[in-house]
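Trainee: Would you be able to build a 3D model of this:
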Amino acid sequence: MSDPIQAYPLHWPAGWKRVAGHQRTRAKFGKQTFVDRGVNAEGQRMGWHTKGQLSIAQGTERVLRVLNQMGFNKSVVISSNLALRQDGLPRSGQRAPDDPGVAVYWGRGASARCIAVDQYDRVADNLAAIAATLEAMRAIERHGGAAILDRAFTGFTALPAPEQWFTILGVSASATREQIEAAYRPLAMKHHPDRPGGDVKEMARINAARDEGLQRAAA
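Mentor: Residues are numbered from 1 along each chain as shown. Below you'll find the predicted structure:
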């Protein structure tokens with residue numbers, strides 16, 4: 001990718017529609033586990049399979065496995081609102097974020113691609129949905145449709161990540177109201193249209209960043 005994409009917080013790809021929170025559904029993805037009850041008198045293994053919720057680690061592993069099979073074992077960024085492990089991947093065992101969306105970026109330059117899903121109410125399930133989508137597209141290639149696959153992936157071209165409010169203000173994504181206001185004031189003084197060198201468009205950009213930041217800080 002030409003411009004680095006941060007894995008945290010979520011960098012939703014430009015131009016992709018979002019699913020409203022009340023429209024998100026509970027997915028049926030899961031991980032089967034065999035409950036072993038030992039061997040009976042005939043030497044047959046006894047037990048049953050149970051299906052539990054998919055974990056963040058399992059969803060991440062599914063995405064990475066499919067991309068590795070496609071030849072992308074590097075330049076993969078999984079972007080979400082989950083804090084990261086030391087290796088840059090989403091960390092399990094943390095509070096579920098309010099926004100469960102996930103965007104996966106891979107490749108570089110003209111071959112840079114992305115898929116983003118926020119259909120489901122859990123990050124792990126959105127990861128699984130991305131993995132399932134990639135696996136389905138791999139099936140096209142396996143059946144001799146390499147050209148079709150390439151055209152299909154054109155729709156997943158990775159555009160530059162949208163500008164983030166906290167980047168504009170120079171604060172962290174978790175900044176408080178006080179920190180946001182403190183960062184806003186000198187920028188407003190510098191770029192206000194009534195001051196020498198001020199700019200209407202830049203002032204509007206700063207105002208919009210402050211408004212979004214305050215809204216998130218109040219949530």
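Trainee: do you know how far residue 129 is from residue 77?
Mentor: The gap separating residue 129 from residue 77 is 17 Å, by Cβ to Cβ, to the nearest Å. (Each C-beta comes from the backbone N, C-alpha and C, glycine too.)
Trainee: no wait, residue 131
Mentor: 15 Å.
Trainee: More neighbours: which of those two?
Mentor: For residue 131 versus residue 77, the count of surrounding residues by other Cβ atoms under 10 Å is larger for residue 131: 24 against 19.
Trainee: which parts of the strand or helix carrying residue 207 are buried?
Mentor: Take DSSP states H and E as the rule and residue 207 turns out to sit in helix 200-218. Across helix 200-218, burial judged by 16 or more other Cβ atoms under 10 Å covers 202, 203, 205, 206, 209, 210, 212, 213, 214, 216.
Trainee: Show residues contacting it.
Mentor: The set of residues external to helix 200-218 that reach it, using Cβ atoms under 8 Å, 6 or more residues apart in numbering, is 165-166, 168-169, 171, 175-177, 180-181, 184, 187-188, 191-193.
Trainee: Closest one to residue 66 out of these, please.
Mentor: Ranked by distance to residue 66 (Cβ to Cβ), these are led by residue 166 at 31.8 Å.
Trainee: Which residue is the nearest non-sequential neighbour of residue 70?
Mentor: Excluding the flanking residues, the one nearest residue 70 by Cβ to Cβ, 6 or more residues apart in numbering is residue 138, at 6.2 Å.
Trainee: any idea which element the one you found lies in?
Mentor: helix 123-142.
Trainee: Touching that helix from outside, list them.
Mentor: Contacts for helix 123-142 (Cβ under 8 Å, 6+ apart): 26-27, 29, 53-56, 58-60, 62-63, 65-67, 69-70, 78, 80-82, 90, 96-97, 100-102, 104, 115-120, 148-149, 152-153.
Trainee: One more: stretch 187-199?
Mentor: With contact meaning Cβ under 8 Å, 6+ apart, stretch 187-199 is reached by 169, 200, 202, 203, 206, 207.
Trainee: domain assignment for the protein?
Mentor: 21-154, 165-218 (automatic domain parsing).
Trainee: Worst mean pLDDT among these?
Mentor: Mean pLDDT is lowest for domain 21-154 among the domains of the chain, at a mean of 81.
Trainee: On the strand side of things, show who the residue most central in space within the chain bridges to.
Mentor: With distances taken as Cα atoms, centre = their mean, residue 102 lies nearest the centre of the chain, 2.4 Å away. Residue 102 has these beta-bridge partners by DSSP bridges: residue 117.
Trainee: Enumerate every residue touching it.
Mentor: Going by Cβ under 8 Å, 6+ apart, the list of residues near residue 102 reads 10, 78, 79, 80, 116, 117, 118, 123, 126, 127, 130.
Trainee: and it, how far is that from residue 169?
Mentor: Taking Cβ to Cβ, one finds residue 102 at 25 Å from residue 169.
Trainee: cool, and residue 71?
Mentor: Taken as Cβ to Cβ, the span from residue 71 to residue 169 is 39 Å.
Trainee: When those two are compared, which one has more neighbours?
Mentor: Under the neighbour definition other Cβ under 10 Å, residue 71 and residue 169 were set side by side, and residue 169 has more, 21 against 9.
Trainee: what about the residue nearest to the more buried one when sequence neighbours are not counted, helix or strand, and which?
Mentor: In space, not counting the residues next to it along the chain, residue 169 is nearest to residue 183; the distance is 4.4 Å by Cβ to Cβ, 6+ apart. Using DSSP H and E, residue 183 sits within helix 177-191.
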